[in-house]
Every structure is written in structure tokens, then in C-alpha cells.
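Participant: Structure here, sequence nowhere to be found:
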């Protein structure tokens, strides 16, 4: 009888005690991310695979087998198996060429880079399909392929010609980054001495013609003054195809809060990049210190490059570089969400455009790990869908709507 009473009491206590839910594992969170990616295309704003193919593989998409995982055999961050593992549904392929090229050579090299993208897509029709519109991206993703879009990185590629700008649009270009690392003949760069205080009058004409054509205005790499001028002139929302937040990491390539606060009115999107010096303040500071030491050594050792090399190696050995990680990238995503809102943030990894990446984000297959980190921070599936692609698709549709409204306008004929 006593045993029966004790057993009954124990059962009552057990039933009254709440069962604590276990936190989901990282694997479960990544699987949740992949399920969302099946319905909503992850659209990455910037991948430099075409340049990596040009530099290391003779611009030949057949020189490496993109249909196999190349992680162990090449330095590439990108291949088809890893794109699929990462849930990438839409990719803006950057057709970057160096800002150091004379404008005519830059224009030619950009056409060659567009050709690389088109040949890469043609070489793998089972995996890639060119996309020109937001509806194309959705259709291609639903068909199980990766929508391939083209973005020019550096307005110098138009060689100060609105006619050439129109030809680039006809070739499939859907965004142009107004500058790269240097100030151009019509726009100030974030990492060079200013010349125009933003955009020149011809630079404003370029933005207006991009609106008329339906080319997104990309403000990564430009100065804050250029950002503000472009947002003032453009009738369509702008994008930052691969930038992070200056309020987290004080790098001139990042977007200041003063601009982030304008995005709700503009409608634009900042696509967070993974470049370590852009996402981790200690990495940025280390890079600045290394550059200062390099300059010091060169001033002390004129005409003795080996002494500079040896001295810099000794400095690095004594000051090992810090590392960025997934949490650093998530901090930038959270910051843009906090300042601009969840409708104004996206992803632009800059894979194959950098020599180092944050720990845990070493290739295009790692996007689910980043989304898992956001889930741990309280992001919902609806939030994640906006980050992955809904925000960028909205911008694309608004850009297309502005172009449709301007269809009957005559092409611009301005010159510098």
C-alpha cells in the first residue's frame, strides 16, 4: 500500500514537471534553412568566378570541371555541387576587370568577361540558365537550376559612352557598380581621392540612363557622397551588391548609418559581403597596421625590395593576423536590419574575389551555416526569405517597372 502511494505520488510529480525543450542542433537549423531555400531563391549579389577563370584557367570554363567539387583540387570557392549544397538559387556573376586598365581596354575586357559567363552557362545547361528579369529568376529556380545574372564591377567599363552602356544592357548586364577602387571620370570611389564630390553631371546622366534601361545602380565601392547623389538622382531603388556596415566595421568600403537610414524611403538593399577586413574590426585594424609597416619599410630601404619583404615577413610573424568568423558576418546583417529594416538586407559574399574568408564561410556551400546562426539569434523563416532573395527580387521588379514607364523616352546622348 505504501509502495502504491509512493508510486502514485512520483507519477503525479513527473506529470506536473514541465519537459524542457531541447535547443535545435546546428544540423537541424541548417536543414531548416535548406527547406526555406527550396521555396525562396538565395540570390547572391557578387561572385568573381569569371575573373578566377580568366586569371588561372585561360577564361575557359572547360579547363576545370565545375560539375565536380573542386574544393580539394583548386583554390576556387565555387563549383556546381557546392552551389547546390549552399542552396544558391540565383547568382550575379561579376564581370570585373581592373580599374588600372585604360577605359578602351576595360571595355574590351568586360565584353570578354561577359563571354566567359555566357560560355560557362552554355557549358552546364543542366545547372545554369541566364536570367534577365526577376520573373526569370523565380522560373529558373523553380526548374531546379541556378539563375545566372551579370553585373559589371566598375563604371569605367562603359568608356564614358551611354551608347556602350546600352550595348552592355543588351548583352544581359543587370547591374553596374559605379566605381571600383579608384575615382572615375564621373564618380568618386570610397577608396580614392574625391574629384567630383559625388557624381559629376555626366555621372548623373549615367544613372538616369540606367534607370531608363532597367540596370540596377550598384553603390558598392563608391564614396558616401556618391551614394547620396545616386540615391537622389535614381528613380529606382539602389543596391549595394557586396558591402557591409560601417557602424560595425569602420572600413570606407562599408555603408554608413547615415545612408542605411535612407534605405526605407529609397527601397534599396545592402547585400552583406564576407570580406574579412570589411566584417571584423580587428582584421581591418591589422590590415591598416600592416600597410603602415610596409610603407615604413619602403621608406627606410629604397631600392632594396628584399629588405622590405624580409622585414614585412618578420612583422607578420610577430603580429599574426586575426580571423573573422560567421558571427562577425551575422553582426553586420543584424546591424543593417536594426538601422534600415529587414526589407533592406541581402547577401553578396564576394566568393572567388578574395584570398581569405571568415572561418565557417570558406565556400558557397556554407550559406546554410550562416542562416543557422541567424536562426539562433531569433530570425524567423519570413525574415530569412527576405534576406535570401525576396528583397532583391522586389528591387529588380521596381527597377523593371521604372524602365517600363520610361520605355518611350529617347536614349540619353550626354557626354562628359
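Facilitator: Perfect, thanks for sending it. Just so you know, these numbers come straight off a predicted model, no measurement behind them.
Participant: Which stretches in the stretch 251-400 of the chain count as helices?
Facilitator: 257-260, 263-266, 276-279, 281-300, 305-318, 326-339, 367-376, 381-385, 391-405 (DSSP state H, counting those that start in this stretch).
Participant: For residue 133, find the nearest of the ones you listed.
Facilitator: Residue 133 lies closest to helix 391-405 among the helices of the stretch 251-400 of the chain, at 6.1 Å (Cβ to Cβ). In short, each C-beta sits where N, CA and C put it, glycine included.
Participant: what does that closest one rub up against?
Facilitator: With contacts defined as Cβ atoms under 8 Å, 6 or more residues apart in numbering, helix 391-405 is touched by 41, 43, 45, 90, 133-134, 137-138, 174, 211-216, 235-237, 239, 267-269, 271, 343-346.
Participant: and the helices of the stretch 251-400 of the chain, which is most packed in?
Facilitator: Greatest average neighbour count among those goes to helix 276-279 (a mean of 26), per mean count of other Cβ atoms under 10 Å.
Participant: Show me what that helix is packed up against.
Facilitator: Taking 3 or more Cβ pairs under 8 Å, 6 or more residues apart in numbering; DSSP states H and E as contact, the helices and strands that helix 276-279 lies on are helix 281-300, helix 326-339.
Participant: Including mean pLDDT and distance to residue 112, could these go into TSV?
Facilitator: Listed next are these as TSV, based on pLDDT from 0 to 100; distance: least, Cβ to Cβ, whole Å:
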stretch	mean pLDDT	distance to residue 112
helix 281-300	93	31
helix 326-339	98	32
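Participant: Out of those, which is closest to residue 150?
Facilitator: Residue 150 lies closest, by Cβ to Cβ, to one member of the helices and strands packed on helix 276-279: helix 326-339, at 25.0 Å.
Participant: Kindly reformat the helices and strands packed on helix 276-279 as CSV containing distance to residue 121.
Facilitator: Formatted as CSV, these follow (distance: least, Cβ to Cβ, whole Å):
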stretch, distance to residue 121
helix 281-300, 34
helix 326-339, 28
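Participant: Please identify which of these is closest to residue 143.
Facilitator: With Cβ to Cβ as the criterion, residue 143 lies closest to helix 326-339 of the helices and strands packed on helix 276-279, at 28.7 Å.
Participant: how far out from the middle of the chain is the closest one?
Facilitator: 14 Å (Cα atoms, centre = their mean, to the nearest Å).
Participant: go on, stretch 280-293?
Facilitator: Stretch 280-293 has its C-alpha centroid displaced from the chain centroid by 22 Å (Cα atoms, centre = their mean).
Participant: what does it contact?
Facilitator: Looking at stretch 280-293 with Cβ under 8 Å, 6+ apart, the contacting residues turn out to be 248-251, 276-278, 311-312, 315-316, 319, 321-325, 328, 358.
Participant: Go again with 6 Å.
Facilitator: Outside stretch 280-293, the residues within contact range by Cβ atoms under 6 Å, 6 or more residues apart in numbering are 249, 251, 276-277, 315, 321-322, 324, 328.
Participant: Looking at the contacts of helix 391-405, which are in helices?
Facilitator: Mapping the contacts of helix 391-405 onto helices (DSSP state H) picks out 134, 137-138, 211-213.
Participant: Top of those by number of neighbours, please.
Facilitator: In terms of neighbours by other Cβ atoms under 10 Å, those top out with residue 137 at 25 neighbours.
Participant: how close does that one get to residue 37?
Facilitator: Computed as Cβ to Cβ, to the nearest Å, the residue 137 to residue 37 distance reads 13 Å.
Participant: which residue ranges form the strands in this protein?
Facilitator: 42-47, 88-94, 128-130, 146-153, 173-177, 216-218, 239-243, 269-272, 345-347 (DSSP state E).
Participant: and stretch 33-49, which residues are buried?
Facilitator: 33-34, 36-37, 40-49 (16 or more other Cβ atoms under 10 Å).
Participant: what does stretch 404-412 give?
Facilitator: Within stretch 404-412, the residues scored as buried using 16+ other Cβ under 10 Å are 406, 412.
Participant: Then stretch 169-176?
Facilitator: Applying a neighbour-count criterion of 16+ other Cβ under 10 Å, one finds 169, 171-176 buried in stretch 169-176.
Participant: Need the max-distance pair from those.
Facilitator: Using Cβ to Cβ, these span at most 13.1 Å, a distance reached by 171 and 175.
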